[in-house]
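> A structural model of the following input is requested.
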Amino acid sequence: MTTAATLAPPARPAKRLRTAATPWWMSVLAGIAAFTGTGSATLNGDELATISAASRSLSGMWELARHIDGHFLPYYLFMHFWVKAGTAELWLRLPSAVGIGVAAWFLVDLGRRLHSTRAGVIAAAIFAILPSVSYFGAFARSYAFAAAAVVFSFWALHRAVERSEARRWVVYGVAVALVCSTHLFAVLVLPAHLLLARRAWVVPMPAAMAAGSVPAAVLGLVGFGERHAISWIPQRGPEVWLKFPKMAAGATGLGVMLFALALAGAVLLWRAARGDTGSMAPRGDAGPVAARGDAGPVAPRGSAESVAPGEGAGPVAGRVWVFALVGWLVLPPVLLLAVSQLVTPVYVDRYLFVTAPALALLAGLAVAALPRFQVVAAVVVVLLGCALSVQEHITVREENGRFENIPWALRVIKAEPDDAIVYGQSQLRTGFEYYADSSMPVDVLKSGEEPSPDGFGYPERSDAAAALEGRERVWVVWRGSKQSGLDGEAVPRVAEVVKAGFKLSLAKHSAELPGLTVALFVRR
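Purely as a prediction, here's the structure:
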């Protein structure tokens, strides 16, 4: 049988290896695109919680983890050392932008392995323009880390099943451990890995996955014991899946378009797996290698000499990979809703950001599989995607891009001498102390300089009336709408201020919900 080695001239392998190299610049561009999402958007409550946790001693973080946010402990440990260099907004968010860049690199190389370098580059370009990437890539939480770890895990799994070696399975086990350590619900992608299980890997694959899942077991037990901390999450129904395209992409129109492309990409992969490899082979690029089932590498018919080492090598476009990629995209929301229904409400959109790379990858495969004009089509898709999401990109980069605009609240507060301030939620104090200057009203309820060891709030006096004695004006700030504090019992501190002899004089709410409300009460 004629092979690529016998057909190729001596200098050709080195040339093809250079062709197969993963374009590192794509990860840089994706990281930069994510970092621009920082803009002027101010830190929100979750990011301020990161500052609060990471600024504690190691023993203090452990004490916090025993009561709340235990599954974030690995991320808090990393940020503990990171914030020693400062807590400026850009510095706090830089690791997330780097995480997006890492995710983009592995996405390019995974696309190369599944189809071609062109497919990987297109997938990374689509990934970079998602508003969700701009949001979480400039967000001081672990969601970008989780996305990077998930892409790494699929990349490592592809290498391991391509050539089953102990060291490759070790890398895969490490990747699974990173998935489990970055965010508890990132593990919902792991069932998609199981769709690739075959008899040839019946021992190494489950062994590596089990070893890597140890952090998930530990953090899962910790999180289950702390489920009171997420009691604010409402129960959801299947209707949330209608919003899933918007969640994954960050914009409704863009999400619908990419889901349509993702479906096309899955169909084309399926056709290629049935032997119709011509439908997947891009012109002018090293073509794909389709695998029939779980067999070894099979070259496109009549094109063995055009395939570079590592370029589409291994069990690539087999049917099992179709299932795996689609499972990566759709299993997390299905499983998250199942956990919500069977255990406790946990369905929160941001927990599913790990599906965004799968959406971009499947869409990139669809564009790269066109018989011609792939580059033109890729440019059109990227430009159209930007046009469909321009408003969302603008919103993400506004001051209120994280929907908790503390600088706005500080501008509303026109403090006079002896004015007091009361926080409807004690943990808001962290943000106001982060952004405030010396003209702030007197914090009359605060009874300690350090946050509570078991949470993000601060110790406060319980006798609001006594604390406000002698004050003529008091500013009250709470998270939520005006009605939530003025008409209901959701913010008890408001009722305490009214009971202490004050009446409402002014109330303003920031632009988005839940947002912040600033109210001025004056003595009757």
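
> thought residue 240 was touching residue 340?
No: Residue 240 lies out of contact with residue 340 (Cβ atoms under 8 Å); the separation is 9.2 Å. (C-beta placed from N, C-alpha, C; glycine too.)

> leaving out chain neighbours, which residue sits closest to residue 350?
residue 143 (6.1 Å; Cβ to Cβ, 6 or more residues apart in numbering).

> how about the one you found, what does it touch?
The contact partners of residue 143, by Cβ atoms under 8 Å, 6 or more residues apart in numbering, come to 96, 136, 183, 350, 353, 354.

> got the residues you listed as CSV, with neighbour count columns?
Formatted as CSV, the contacts of residue 143 follow (neighbours: other Cβ atoms under 10 Å):
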residue, neighbour count
96, 29
136, 28
183, 26
350, 15
353, 28
354, 29
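
> mind giving me JSON lines with those and columns for pLDDT?
Putting the contacts of residue 143 into JSON lines (pLDDT from 0 to 100) gives the following:
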{"residue": "96", "pLDDT": "97"}
{"residue": "136", "pLDDT": "96"}
{"residue": "183", "pLDDT": "94"}
{"residue": "350", "pLDDT": "94"}
{"residue": "353", "pLDDT": "97"}
{"residue": "354", "pLDDT": "97"}
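
> for these, which one is nearest residue 501?
Among the contacts of residue 143, residue 350 lies closest to residue 501 (Cβ to Cβ), at 41.8 Å.

> report the contact partners of that closest one.
136, 143, 247.

> surely the first one touches residue 147?
In this case it means residue 136. Yes: using Cβ under 8 Å, residue 136 is in contact with residue 147, at 7.3 Å.

> overlap in contacts, the two.
100, 353.

> would you mind identifying the next helix or strand past the helix or strand hosting residue 144?
Using DSSP states H and E, the element containing residue 144 is helix 143-162. Next in sequence after helix 143-162, counting helices and strands by DSSP H and E, comes helix 166-182.

> kindly calculate the angle that that following helix makes with helix 143-162.
160 degrees (axes from the mean of the first three to the mean of the last three Cα atoms, to 10 degrees).

> list the buried residues in helix 166-182.
For helix 166-182, the neighbour count (16 or more other Cβ atoms under 10 Å) marks 168-182 as buried.

> what of stretch 444-457?
444, 445, 446, 451, 452, 455, 456, 457.

> re earlier: of the contacts of residue 143, closest to residue 106?
Set against residue 106, the nearest of the contacts of residue 143 by Cβ to Cβ is residue 354 (12.8 Å).

> the closest residue to that closest one other than its chain neighbours and residue 512: what is the separation?
Leaving aside its chain neighbours, residue 354 sits nearest to residue 150 (4.6 Å; criterion: Cβ to Cβ, 6+ apart). Distance of residue 150 to residue 512, computed by Cβ to Cβ, to the nearest Å: 29 Å.

> which one's more surrounded, these two?
residue 150 (32 against 15; other Cβ atoms under 10 Å).

> correct me if wrong: the more buried one contacts residue 179.
Yes: here residue 150 reaches residue 179: they are 5.6 Å apart, a contact under Cβ under 8 Å.

> buried sites along the helix or strand residue 409 falls within?
Element membership for residue 409 (DSSP H and E) is helix 406-412. For helix 406-412, burial by neighbour count (16+ other Cβ under 10 Å) applies to 406, 408, 409, 410, 412.

> right, and the helix or strand after it?
Next in sequence after helix 406-412, counting helices and strands by DSSP H and E, comes strand 420-423.

> residues contacting the helix or strand following that following strand, please?
Sequence-wise, the next helix or strand downstream of strand 420-423 (DSSP H and E) is helix 428-435. For helix 428-435, the surrounding residues in contact (Cβ under 8 Å, 6+ apart) are 42-43, 45, 48-49, 51-52, 87, 404, 406-407, 409-410, 421, 423, 440, 443, 446, 451, 456-458, 477-479, 516.

> got the buried residues for helix 428-435?
428, 429, 430, 431, 432, 434, 435.
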